[in-house]
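Q: Fold the stuff below for me.
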Amino acid sequence: MLALHHVPVYALAQPTALAAPYTQSVLAESVPAMCFNHVMNGTGGNCSLQFYRERYGYRPFQIIERKSTGEPVPVKPFARLMTEIKEGFGRTLTRLPTVFGVSRQTLYNWLDGETPKEPHQAKLVELTEAARVFAAAGFKPTSTLLDRTVAGGKSFLELIANGADGAATARSLMRIVERGLTSKAHLAAALADVPAAPRHSGDIGAPAAEEDA
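A: The predicted structure follows:
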């Protein structure tokens, strides 16, 4: 049966255990500590004070100083939204200025942290929602697809420019693309089942003047 020993040791402290950055770890003698001999110091050994002091990761310490600039990190929420839009739309990011009626450079200024004017902010949010739908589905919209009619005779870009719901419009576009791909697949399968018409010698016309008979 393994024996348990209580020995006086220093209080053990680790950096992750500190609640406040300026708290000094307490050093105390005569603090009871339990250990299993076979785990801590070999079978039949003793858990000495020196063992606890020298064991890696459990040495007493204190925080002397923590430097801080005292300046809060500026929050740029629209730059984060633009990053999501860039990831979701990929190369077609260059088509998105038409949604806002701004230049391409303005879009990149938003990406760099510039705050868009208030009339553009709601559309930016809807584009972000659309980008999230595209990213979740692994769908990369092409320039042609963004111009494709989605609802009411309007394209994806026109709908978002008019204030449509970004996520719903993105799903509608993907459904249209999926239906088109399904139709093509059915057509290809149907054509594959149609046997080729037999050809007769009479179907072959006379050679042209410059051709060999």
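Q: Show me what the lengthiest helix in the chain is packed up against.
A: The residue-count maximum for a helix in the chain (DSSP state H) belongs to helix 166-193. If you count contacts as 3 or more CB pairs under 8 Å, 6 or more residues apart in numbering; DSSP states H and E, helix 166-193 packs onto helix 118-137, strand 149-151, helix 156-161. Any C-beta I mention is one placed from the backbone N, CA and C, and that applies to glycine too.
Q: so can I have JSON lines of those showing mean neighbour count?
A: Below are the helices and strands packed on helix 166-193 laid out as JSON lines (neighbours: other CB atoms under 10 Å):
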{"stretch": "helix 118-137", "mean neighbour count": "18"}
{"stretch": "strand 149-151", "mean neighbour count": "17"}
{"stretch": "helix 156-161", "mean neighbour count": "22"}
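Q: can you redo these as TSV with distance to residue 88?
A: Below are those laid out as TSV (distance: least, CB to CB, whole Å):
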stretch	distance to residue 88
helix 118-137	3
strand 149-151	17
helix 156-161	12
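Q: what would those look like in TSV with mean pLDDT and distance to residue 167?
A: TSV is the format used below for the helices and strands packed on helix 166-193 (pLDDT from 0 to 100; distance: least, CB to CB, whole Å):
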stretch	mean pLDDT	distance to residue 167
helix 118-137	95	4
strand 149-151	94	13
helix 156-161	97	11
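Q: looking at those, which is closest to residue 178?
A: Proximity to residue 178 (CB to CB) singles out helix 118-137 among these, at 9.9 Å.
Q: Summarise which helices and strands that closest one is packed against.
A: With contacts defined as 3+ CB pairs under 8 Å, 6+ apart, the packing partners of helix 118-137 are helix 77-89, helix 97-100, helix 156-161, helix 166-193.
Q: could those be laid out in CSV, adding distance to residue 125?
A: Listed next are the helices and strands packed on helix 118-137 as CSV, based on distance: least, CB to CB, whole Å:
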stretch, distance to residue 125
helix 77-89, 7
helix 97-100, 12
helix 156-161, 11
helix 166-193, 7
